[in-house]
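> Requesting a structural model of the entry that follows:
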Amino acid sequence: MAAKEILLLGNEKLYNKSEVIKEEELKDIKYIVEDLHDTMMNFREKYNCGRAIAAPQIGVFKRLIYMNVDKPYIFINPTLQFIGDETMVVIDDCMSFPGLLVKVNRYKKCNIHYKDMEWKDCVLELEDDLSELIQHEYDHLDGILAVMRAIDNKSFSVKNS
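Alright, predicted model coming up:
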């Protein structure tokens, strides 16, 4: 399809909660996934970063996350389950506020339960940076931004170019 405009910090739509995807919508989801892929690749080209994107960031308020690390992953209607109580402090960035870094606390390990493009139930265990990444994207589905999870009011910095 095509790269879409990413909603930026301050856009009220980013605080909307996304809707569950129904099985009969699956045929339309592939087009949204293509848009997410193209948008993320366009962002990567411009900013030299970007590993995942949530549908709400392009104005599609469906529970859908696209991640491309070593290969593409599509998470439909994901739910998170944290493994243990161990957390880590990370410096978070976001395509919706490029150049801004936020110090947040995230769980070190989690399982993500989701449907794939064949509508099969799947589970993936993630830890460290991928656990942090999926928690960040999952928050977007609930209208939560990393700036809302800042450890304190001194947890912000501007990324050096």
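> all contacts plus neighbour counts: C-alpha atoms, from now on.
Fine.
> Low-confidence ranges, this structure, go.
Residues of the chain that meet the criterion pLDDT under 70 lie in 1, 161.
> in it, which residue is closest to the centre?
Central residue of the chain (Cα atoms, centre = their mean): residue 137, 2.0 Å from the mean position.
> residue ranges for the helices of this structure, please.
Secondary structure of the chain (DSSP state H): helices at 26-47, 129-141.
> Pick the most buried one from those helices.
The highest average neighbour count among the helices of the chain, using mean count of other Cα atoms under 10 Å, belongs to helix 129-141 at a mean of 22.
> Adding distance to residue 150, write the helices of the chain out as JSON lines.
Formatted as JSON lines, the helices of the chain follow (distance: least, Cα to Cα, whole Å):
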{"stretch": "helix 26-47", "distance to residue 150": "23"}
{"stretch": "helix 129-141", "distance to residue 150": "12"}
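> looking at these, which is closest to residue 95?
Minimum separation from residue 95 across those (Cα to Cα) falls at helix 26-47, 7.6 Å.
> Could you list the residues in contact with that closest one?
Where contact means Cα atoms under 8 Å, 6 or more residues apart in numbering, the residues beyond helix 26-47 that reach it are 1-6, 49-55, 58, 66, 74, 95, 117, 119.
> Those residues in strands, which ones?
Judged by DSSP state E, the subset of these located in strands is 52-54, 66, 74.
> quick one: which of these is nearest to residue 106?
residue 52 (16.5 Å).
> The closest residue to the closest one other than its chain neighbours: how many residues sit nearby?
Leaving out its chain neighbours, the residue that sits closest to residue 52 by Cα to Cα, 6 or more residues apart in numbering is residue 67, at 4.0 Å. Residue 67 is flanked by 23 other residues according to other Cα atoms under 10 Å.
> Touching, residue 67 and residue 55? I think so.
No: counting by Cα atoms under 8 Å, residue 67 does not reach residue 55; the two are 11.1 Å apart.
> what residues are up against the residue lying closest to residue 65 once chain neighbours are set aside?
Distances taken as Cα to Cα, 6+ apart place residue 54 nearest to residue 65, at 4.4 Å, with adjacent residues excluded. Counting by Cα under 8 Å, 6+ apart, residue 54 makes contact with 36, 63-66, 137-138, 140-141.
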